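> Have a look; sequence and predicted model below, questions after that.
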Amino acid sequence: MKGANFKTFLLNHGEKIGFGLLACIALWTLVGTTWSGYERTPTQLIEAAQKGKQALDASKWPEEEKQKLTDWESIVTRSHAMLTGINAEEYALTTEFFVPVYKRSEPILEPKFFTADDLLAKPGRMVLELRAPDSEDPLVAELEKSKDQKADDANIPEAFRERAKPAATTQAGYENLSELIDEAPITMPTEYMSDMAGEMAGNRTKQYGQGFPFVAVRGIIDLQAQKAAYAAAMHMPQSEIAQIEPYIIGFEIERQRAVSGPDRWSGKWEKLDIQNSMDVLLKAANFEVELIDPTLTDPAVTEPLPTRLFGRYGPEATHEKVEKFKLSDEEIAKENARIQRLIELNDAMARQGGMTNERPVQKGGFANVVHDVRGMESTMNQMIRPGSANNPYTEMYNQYNQEYTNDVTSMYPGATTPGRPGPARPGMAQDSLLAGKRSPASGRLLLFRYFDFDVEPGEAYRYRVRIEYANPNFGRRIDTLAQPEFAEGQTRFSDWSEVSMAEPSAEAMVLAKAGENVPLSADGAIVPKESEFFLSQVDKARNADSLLAGIDLFQWSRQFGSEVNQSLQLGVGDAISVSAKTKVVDLIERTWEVKQVNILTDNFLVDLADNTATPIDATLPGLDSIPKTARLDLAVVVDKLGRVSTLDPVSQNYDLRNARQRVSLYESQGKKYEEETKKSEEATLDSLYGSEYMGAMDAGRKPTNAASKRNRRSTATGP
């Protein structure tokens, strides 16, 4: 009980006891201290200070000391000694103070450089839209909006689909035709009216075009593997691979032509001059928007798509490894709008000095004829930080980005979200000029594409390429490299690719089912022949013992862009050629009219056999069943080089049906042109005389009062 009272006492009075003890100690200290005053008075201190000042003022520096300070050479010498610095090696630590996880002292290596893999070569023909002959030779950069695909074209091969809508009849200059009609007589001869209507019907914007045979060479560059190779050579952690951007300069491509003999590919490889393909691009009126995610292309290795007057780009423009990253029609239209605004922003920033991403080696390939969209995005991503108030280009970016959003919104006014015409595809960025990665393959794969227009019909080719990179070690200090020669040379080439595998042309696959997988061939890409001929039958000539061969002759015209067909009756010794008037589908003039054509083959008919007993192979393509009694007609032909070949109606059956189907596809387009011309003529006559007057003429009736008054007023000679 006493212990409890003691604790309570300490809790209640402990602080007071402690304070009292401290006060006693302080008092004891003050009492025990000895106190005394300073022995000198303030007056004495002031006098001492004044005497010191007078002595300082009266003192003089020795002349020797002054001379040291005025010696300029001595000061300069000392300054040089100060600027020379101290050798830090004398004071360096004998043990590393900080040991990095990745040793920076490990010498940098030269990376492996990757080429284009899975090279494919697809032959074909295309009709390109050319710029007007009198137009300037522009640096082709503007991209054309892709047209929507019609539903009724679903079963037509890409190369035979109509690309654009019919050209509209130009009405400029005829806005006041009613006044002209009121002042001029309309009692014109019928034939004159027909000529005038036809002339006005053709008054549409003139198109220029030409057909070109080609071989499209495509491959895939593994960009992700190239980045990893750079990181390994520089001993960088894998987490930093995304920051690496290999700079591709261009490429070299070689071609091998098949030769006659047991070894078709014994000929030498020849280096192709890409200027030949560039010349065709510079003639083109425009370029089309890419069919795939544009971040999978690079102008140094991806040839742009020249605008086609007829037909659409299909497999020849892409590669099977990036086929799944193709854009829809809506995405292509949206991408076109984005690229146009991106180019405008790039030009605006260049005028302000913002785009100064200079490289020691400039891009080659096709970088001089098309904008490097991928490069612009990469540079702008480093310069522009949307939302940053301190960035001088933020306001400029926001302006063009808003214009792009407005463009897309006006294109798809019914979209629930502005600028988003449809559901976003996986990995596809939306509504931004700097769209970044739009597909899973972005930043991982690049499409190599080259159109070889310098080819000869009927010949077979195969290709190989190597890619040129900027040397990542160029300009580095030699002491950081494993070998000094790694810093030599501004560029590096990859190894040559594997030889290309060939795909059949679209012209050879007209009868094939849509989506049919055709095996690749190692025999080279065979360019379609411009002229083909087939034996239909051999019969005796009337009132003679000689034989005549029925020949179906086909020729594709670069002038018209379509295929012409003529059936001939030829005898032994005749040239398999013809000059005749026939109805021709002109894809450039958009007409289907009778024209003079010359179909030349450089082949001659030298022998014929009528219903010989030659057995027929029942396994030949295109034949369902063959009677046992069937006999085979034969024809022997020789070309200008003396090469002999035989024709028969059985082995050529598939190719003949294929050629007829191609002509049928062209004629289907010709019928559309005829319908356009007819409607245009009717619209022209309606605009000249009014639909009411023409309706009365068609019905064999007199014109109504209004039309009669106009007629009387225009033909009146007095009041």
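Yep, that arrived.
> low pLDDT regions in the stretch 551-700 of the chain?
In the predicted model of the stretch 551-700 of the chain, residues 612-631, 684-700 satisfy pLDDT under 70.
> One more pass at 80, please.
611-631, 680-700 (pLDDT under 80).
> how about the strands in it?
Secondary structure of the stretch 551-700 of the chain (DSSP state E, counting those that start in this stretch): strands located at 563-570, 578-586, 591-599, 603-612, 632-639, 644-647.
> ditto for the stretch 1-150 of the chain
Counting by DSSP E, counting those that start in this stretch, the stretch 1-150 of the chain has strands at residues 116-130, 143-144.
> which one of these has the most crowded surroundings?
strand 116-130 (a mean of 23; mean count of other C-beta atoms under 10 Å). Quick note: C-beta positions are derived from backbone N, CA and C, even for glycine.
> and it, what other elements does it pack with?
strand 208-222, helix 275-283, strand 308-310, strand 460-470, strand 501-502, strand 525-526 (3 or more C-beta pairs under 8 Å, 6 or more residues apart in numbering; DSSP states H and E).
> Nearest approach to Asn406 belongs to which of those?
Closest of these to Asn406 is strand 308-310, at 29.9 Å (criterion: C-beta to C-beta).
> The closest one pairs with which strands?
Here strand 308-310 is paired, per DSSP bridges, with strand 116-130 (antiparallel).
> Please spell out the segments of the stretch 351-500 of the chain that come in under the pLDDT threshold.
351-361, 370-399, 401, 404, 407-440.
> what are the ranges of the strands in it?
For the stretch 351-500 of the chain, the strands defined by DSSP E, counting those that start in this stretch cover 445-452, 460-470, 491-493.
> for those strands, which one ends up most surrounded?
Comparing the strands of the stretch 351-500 of the chain by mean count of other C-beta under 10 Å gives strand 445-452 as most buried, with a mean of 25.
> now the angle from that strand to strand 116-130?
Interaxial angle of strand 445-452 relative to strand 116-130 (axes from the mean of the first three to the mean of the last three C-alpha atoms, to 10 degrees): 50 degrees.
> circling back: identify whichever of the helices and strands packed on strand 116-130 lies nearest to Gly573.
The closest of the helices and strands packed on strand 116-130 to Gly573 is strand 525-526. By C-beta to C-beta, the value is 30.1 Å.
> Adjacent strands (with direction) for that closest one?
strand 460-470 (antiparallel).
> among the strands of the stretch 551-700 of the chain, which is nearest Tyr38?
Of all the strands of the stretch 551-700 of the chain, strand 578-586 comes closest under C-beta to C-beta, at 123.0 Å.
> circling back to that earlier point, which among the strands of the stretch 1-150 of the chain is found nearest to Gln275?
Of all the strands of the stretch 1-150 of the chain, strand 116-130 sits nearest to Gln275, with 17.3 Å by C-beta to C-beta.
> thinking again about what came up before, from the helices and strands packed on strand 116-130, which stretch is densest packed?
Among those, ranked by average contacts under mean count of other C-beta under 10 Å, first place goes to strand 525-526 (a mean of 24).
> helix or strand right after that one?
strand 531-540 (DSSP states H and E).
> Output the contacting helices and strands for that next one.
strand 547-556, strand 603-612, strand 632-639, strand 644-647, helix 653-689.
> buried residues in the third one?
When you say that, I think you mean strand 632-639. In terms of neighbour count (16 or more other C-beta atoms under 10 Å), strand 632-639 has its buried residues at Leu632, Asp633, Leu634, Ala635, Val637.
> related to what we said a few turns ago, right, so of the strands of the stretch 1-150 of the chain, which gets closest to Gly458?
Proximity to Gly458 (C-beta to C-beta) singles out strand 116-130 among the strands of the stretch 1-150 of the chain, at 10.3 Å.
> what bridges to the residue nearest to Val644 when sequence neighbours are not counted?
Among residues not flanking Val644 along the chain, Val638 sits closest, at 5.1 Å (C-beta to C-beta, 6 or more residues apart in numbering). Taking DSSP bridges as the rule, Val638 bridges to Phe604, Val644.
> List the residues that contact Val638.
With contacts defined as C-beta atoms under 8 Å, 6 or more residues apart in numbering, Val638 is in contact with Asn603, Phe604, Val606, Val644, Ser645.
> Turn these into CSV, including neighbour count.
Converted to CSV, those look like this (neighbours: other C-beta atoms under 10 Å):
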residue, neighbour count
Asn603, 19
Phe604, 17
Val606, 13
Val644, 10
Ser645, 10
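> can you count the residues close to Asn346?
For Asn346, the number of neighbouring residues by other C-beta atoms under 10 Å comes to 22.
> That one in helix, strand or coil?
Following DSSP: H, G, I helix; E, B strand; the rest coil, the label given to Asn346 is helix.
> roughly how far apart are it and Gln490?
Counting by C-beta to C-beta, to the nearest Å, the gap from Asn346 to Gln490 is 25 Å.
> hang on, the earlier thing: can I get the strands of the stretch 551-700 of the chain in a markdown table including distance to Trp61?
As requested, those are exported to a markdown table (distance: least, C-beta to C-beta, whole Å):
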| stretch | distance to Trp61 |
| --- | --- |
| strand 563-570 | 110 |
| strand 578-586 | 108 |
| strand 591-599 | 110 |
| strand 603-612 | 117 |
| strand 632-639 | 114 |
| strand 644-647 | 117 |
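> quick one, which of those strands is nearest to Val322?
strand 563-570 (31.4 Å).
> Looking at the helices and strands packed on strand 116-130, spot the one closest to Gly261.
Of all these, the one in closest proximity to Gly261, counting by C-beta to C-beta, is strand 460-470 (13.2 Å).
> residue boundaries of the strands in the stretch 151-300 of the chain?
Under DSSP E, counting those that start in this stretch, the stretch 151-300 of the chain gives strands at 208-222, 248-257, 270-271, 287-288.
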